[in-house]
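In: coordinates only, sequence not included:
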């Protein structure tokens with residue numbers, strides 16, 4: 001049984017409708033995607049862990065469907081099916097989403113904006129943050145905590161360090177999901193050497209292999225064994241694990257590369273201060289990450305031009321929102337003293353469109369407004 005929000009939410013819904021009108025006046029077209037959605041995109045992009053939060057069903061053809069748990073993916077799917085894919089378009093939305101949340105209502109309202117196809121990424125990023133701040137201000141909150149990060153900087157750093165692909169994938173996954181990052185950095189720094197391993201034959205077969213070859217080998221081995229997963233791990237996860245162990249047998253992550261990653265992850269402060277620290281790190285470690293840093297600097301300029309007080313904005317290189325599909329700028333707006341639940345949250349997800357079937361990459365950035373949270377702390381009628 002789905003527990004729905006109480007009727008008292010009428011006031012917040014009226015506020016959200018007014019906000020939606022202001023977004024429409026700013027040029028964002030109102031989107032109204034179907035409530036019933038294919039489950040596969042959510043499971044693929046957010047991981048199987050989200051399954052326990054979804055309301056799932058199956059149609060007559062066997063396709064797994066779900067009540068939409070958010071609106072970003074449904075709005076993106078409709079955009080791709082519209083015939084305007086690739087063209088700059090902006091959408092705003094307000095509607096119910098459905099997600100199991102323990103004792104909290106499983107049906108709740110979500111508003112937000114998605115912007116597709118804009119090539120001026122730094123300006124679009126700044127616009128999203130500015131519109132998010134307008135949303136909180138419209139609800140009587142003019143002094144919120146602004147937390148920002150940029151996963152593109154971390155990805156560029158790993159590229160510049162020329163890590164083995166299996167190490168790079170693991171660290172990015174850790175970063176996105178906020179798990180075990182420091183522990184894995186230390187783990188990758190220690191080579192396994194000649195210690196006995198019950199899978200020595202598999203590791204030897206994988207020596208020098210790429211991920212495609214490793215996946216093929218592990219798939220064949222598991223097919224022979226009649227298994228589809230081991231200990232809850234998928235074939236791809238097992239292949240990555242074998243590749244990692246095979247790579248570590250040839251030597252661990254060099255000390256200077258480990259220190260560069262750790263120094264990078266320690267950078268935080270206001271954006272201008274973080275910018276200076278990033279340029280110093282790049283120079284000291286002779287890392288070619290200037291393009292990503294220049295994009296970061298450009299965004300700071302557009303933020304200031306939008307009237308955002310960058311001195312009051314906190315930037316951290318280790319900040320991430322816990323979703324794999326983010327590719328660049330990320331942000332959250334919090335009520336003062338609320339360390340966990342954001343009022344507004346979003347960022348850049350340029351890789352999403354190709355993952356949903358687009359023939360070519362399409363820039364995308366947006367944010368969601370948690371109306372329920374704003375209702376609890378805001379002062380608007």
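Out: Right, received. Where do you want to start? Since this is a predicted model, take the numbers as computed values, not measurements. Residues are numbered from 1 along each chain as shown.
In: Please count neighbours and contacts with C-alpha atoms only from this point.
Out: Noted.
In: Do you have the strands of the stretch 251-381 of the chain handy? List them.
Out: Applying DSSP state E, counting those that start in this stretch to the stretch 251-381 of the chain gives strands spanning 268-269, 313-316, 329-334, 344-348, 364-370.
In: Please produce JSON lines containing these, extended by mean neighbour count, mean pLDDT and distance to residue 35.
Out: Formatted as JSON lines, these follow (neighbours: other CA atoms under 10 Å; pLDDT from 0 to 100; distance: least, CA to CA, whole Å):
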{"stretch": "strand 268-269", "mean neighbour count": "18", "mean pLDDT": "94", "distance to residue 35": "40"}
{"stretch": "strand 313-316", "mean neighbour count": "20", "mean pLDDT": "95", "distance to residue 35": "35"}
{"stretch": "strand 329-334", "mean neighbour count": "25", "mean pLDDT": "95", "distance to residue 35": "26"}
{"stretch": "strand 344-348", "mean neighbour count": "26", "mean pLDDT": "95", "distance to residue 35": "21"}
{"stretch": "strand 364-370", "mean neighbour count": "24", "mean pLDDT": "95", "distance to residue 35": "17"}
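In: Next, count neighbours for residue 286.
Out: 11 (other CA atoms under 10 Å).
In: which phi and psi does it have?
Out: Per-residue torsions, residue 286: phi 50, psi 50 (degrees, to the nearest 10).
In: so what's it up against?
Out: Listed by CA atoms under 8 Å, 6 or more residues apart in numbering, residue 286 has no contact partners.
In: go on, residue 71?
Out: So residue 71 contacts 33, 93, 97, 110 (CA under 8 Å, 6+ apart).
In: that older thread, just so I know, which of the strands of the stretch 251-381 of the chain lies nearest residue 294?
Out: With respect to residue 294, and counting by CA to CA, the nearest of the strands of the stretch 251-381 of the chain is strand 329-334 at 13.2 Å.
In: Which strands border the closest one, and is each parallel or antiparallel?
Out: Here strand 329-334 is paired, per DSSP bridges, with strand 145-150 (antiparallel), strand 344-348 (antiparallel).
In: how far out from the middle of the chain is that strand?
Out: Here the centre of strand 329-334 is set off from its chain's centre by 11 Å, with CA atoms, centre = their mean, to the nearest Å.
In: separation between the residue nearest to residue 135 when sequence neighbours are not counted and residue 28?
Out: Take residue 135 and drop its neighbours on the chain: the residue closest to it by CA to CA, 6 or more residues apart in numbering is residue 19, 7.0 Å away. Separation of residue 19 from residue 28 (CA to CA, to the nearest Å): 12 Å.
In: Go ahead and confirm residue 117 touches residue 80.
Out: No - contact criterion CA atoms under 8 Å: residue 117 and residue 80 do not qualify, at 11.0 Å.
In: In CSV, list the strands paired with strand 329-334 along with distance to residue 286.
Out: Shown next, in CSV, are these (distance: least, CA to CA, whole Å):
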stretch, distance to residue 286
strand 145-150, 21
strand 344-348, 28
